[in-house]
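Undergrad: Any chance you could fold what I've pasted below:
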Amino acid sequence: MNPVLIEVLRGGAVESRHAGALAVVDASGTVHTALGDIDRPIFPRSAVKLLQALPLVASGAAESYGLTDAELALACASHSGEPEHVATAAGVLARLGLTADALECGTQWPSREPVLRGMVARGELATPLHNNCSGKHSGFVCVACLMARSAGAEPAEFARGYVAAEHPVMREVSAALSATTGVDVERAPRGTDGCSIPTFALPLRSLALAFARCGTGQGLSEGHARAARRLRQAAAAAPFMVGGTDRFDTRVMQALGERLFCKIGAEGVYCAALPELGLGLALKIDDGAARAAEAAMAAAAQALLKSGDELLHGYSHLALRNWRGIHVGSLRPAPDLAGAFAPAP
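TA: Model (predicted):
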C-alpha cells in the first residue's frame, strides 16, 4: 500500500488523506528518492506532453514551419482555453493552410471560468481550438504536414487519422516515449487519452528517468536531446502557454524559469525535469486528486531546489477557504513526504 503523501486539514484536524507514490531519478537511472510503489505502471496522461512533442522539433517540423516559443510551449500544454491559447493554436494551423477542422482532439469548453462565461454571454460556441490539448495536436499536424511534403502527399489527407496508433505521426510519438523512458511502449498496457491519442501505462521510475534525460540530454539521441532542450527553453520563455491564468505550471515556471519544467496530468499525476540537479520527478496520487498532486509537486520541488519558497509553500500548504472567504483548513505534506526530503541527521 502506498504511503499518505498529502493531508487535508479542517480546523486543526485531519479530514482527508491522499496516498500516492513518488520517484526522483537521475539520468543514469539511479534513484534519488522513492516513496511507494514506483514500479507499478500508471497512465501519465498529459504529464508527458513534453515527451510527445519531441518529434515536432526532432523531425525538423518546428524549424520548417517557423514555430515560436509560444507555439512550442503550447505544444506541451494543458491550457485553459483562453483567447491567447486559442489564437496561438489557430496561428499554427493557418501557417499550414489548415483550420480547426484538422484537429482530432475534440471540442472542449475553456476551463477558465470567466472566459467560459464570456463566450456563453456572447453566444459563442467552443471549437477544438479551445481543447486543452489543441497545442499538442497542432504540433502533431505540423509533423504530419512535413511527412506529407516529403512523401509528395496532400497534407490534409495525410494528416487525417493522425491520432490512431498505427499512423506515422503517432508511431514517432510512441518511439519518443520508448526512447526516453527506456520502456517498449508497444508492450505496455494501452488506453485512449481524453484527446483521443494512445496513452500507455508506465512506471513512475521510468517516467522520472525520462524527465531526467530530457533535463540533461544524457541517454538521448542527439535529435531528442536538442528537442527537449528547445521545448524546455520555450516553456520557460512562454510559461503562460503551458497552463494559463493562475495555473500551477505557469506560475511556477514564471518564477523558476529553466530551473524547473513541470507538467500536470489527469488523475493526480505530475512529472518534472530539474536540469541543474540532473534529476527527473514523477508522482501519482492514488485517488486522482489534482490539488494533492500539486501540493506534493510543490513540496518536492521546494525541497530539491531550495528555492521559490513563498510560492511553492503556498501550494504545498494550500489555504482552504469557504464561499465567504473564511479560512477553514489547509493542505500539508504528510510525514512520509516531508521526511523523504528532510536533511540527514
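Undergrad: hey, let's count contacts and neighbours off CA atoms from now on
TA: Will do.
Undergrad: From the contact counts, what lies against the helix or strand bottoming out on mean pLDDT in the chain?
TA: In the chain, the helix or strand scored least confidently by mean pLDDT, DSSP states H and E is helix 309-316, which has a mean of 93. If contacts are counted by 3 or more Cα pairs under 8 Å, 6 or more residues apart in numbering; DSSP states H and E, helix 309-316 sits against helix 290-305, strand 327-333.
Undergrad: how about a cut-off of 10 Å?
TA: Where contact means 3 or more Cα pairs under 10 Å, 6 or more residues apart in numbering; DSSP states H and E, helix 309-316 is packed against helix 248-256, helix 290-305, strand 327-333.
Undergrad: most tightly surrounded among the ones you listed?
TA: Highest mean neighbour count among the helices and strands packed on helix 309-316 (mean count of other Cα atoms under 10 Å): helix 290-305, with a mean of 23.
Undergrad: Kindly export that helix (C-alpha atoms) in PDB.
TA: C-alpha atoms of helix 290-305 as PDB (Å, rounded to 0.1, in the frame of the first residue of the first chain):
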ATOM      1  CA  ALA A 290      -5.200  17.300  -8.700                       C
ATOM      2  CA  ARG A 291      -4.800  19.600  -5.700                       C
ATOM      3  CA  ALA A 292      -3.000  16.900  -3.800                       C
ATOM      4  CA  ALA A 293      -0.700  16.300  -6.800                       C
ATOM      5  CA  GLU A 294       0.100  20.000  -7.000                       C
ATOM      6  CA  ALA A 295       0.800  20.100  -3.300                       C
ATOM      7  CA  ALA A 296       3.200  17.100  -3.500                       C
ATOM      8  CA  MET A 297       4.900  18.500  -6.500                       C
ATOM      9  CA  ALA A 298       5.400  21.800  -4.700                       C
ATOM     10  CA  ALA A 299       6.800  20.200  -1.600                       C
ATOM     11  CA  ALA A 300       9.200  18.100  -3.600                       C
ATOM     12  CA  ALA A 301      10.400  21.000  -5.800                       C
ATOM     13  CA  GLN A 302      10.900  23.300  -2.800                       C
ATOM     14  CA  ALA A 303      12.900  20.700  -1.000                       C
ATOM     15  CA  LEU A 304      15.100  19.800  -4.000                       C
ATOM     16  CA  LEU A 305      15.600  23.300  -5.400                       C
END
